[in-house]
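# Mind folding the following:
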Amino acid sequence: MHMDQVFLDNNDAYVWLYDPTPWYYYIAGAAIVLGIIAVCLFPLWPMEMRQGVYYLSVAAAGFLVFIIVLAIIKYIVFVIVFIGSAGKLKLWIFPNLTEDVGFFRELLAHLCLHI
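Below you'll find the predicted structure:
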């Protein structure tokens, strides 16, 4: 069989390379469709579920505000220490906070001091 699936001479056989769609693609697609329908029917949800979604969204917004405030405090402390030491010390609190690393690796390094 030729990998480009072209006939080079009359002795070649034509073969289809068939890669079937996995079954979990259908389950994931159905879950996405049902999830979208459930979100569209939000006004019909019971009050307890709507209140739970509200609390969850407030908690997520609070977490984002906490991370932003922590980043601002990080830079303020850095500038104070840097100016106070005339440029000799560089103190970083949570040095991986704004880096593109995993969640747990971000929290492993709490303090970094460059002299």
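
# What segments of this protein are strands?
90-93, 111-114 (DSSP state E).

# just checking, which of those strands comes out with the lowest mean pLDDT?
Looking over the strands of the chain, mean pLDDT reaches its minimum on strand 111-114, with a mean of 68.

# Tell me where the chain has helices.
Under the criterion DSSP state H, the chain contains helices at 23-40, 47-84, 103-108.

# Out of the ones you listed, flag the one nearest residue 17.
Evaluated over the helices of the chain, closeness to residue 17 peaks at helix 23-40, with 18.6 Å, by Cβ to Cβ. The C-beta positions use only the backbone N, C-alpha and C, and glycine is treated the same way.

# Run through this protein and note the low-pLDDT ranges.
Residue ranges of the chain with pLDDT under 70: 1-15, 103-113, 115.

# can you do 80?
Applying pLDDT under 80 to the chain picks out residues 1-17, 94-115.

# distance of residue 91 from residue 46?
Using Cβ to Cβ, to the nearest Å, one gets 51 Å for the distance from residue 91 to residue 46.
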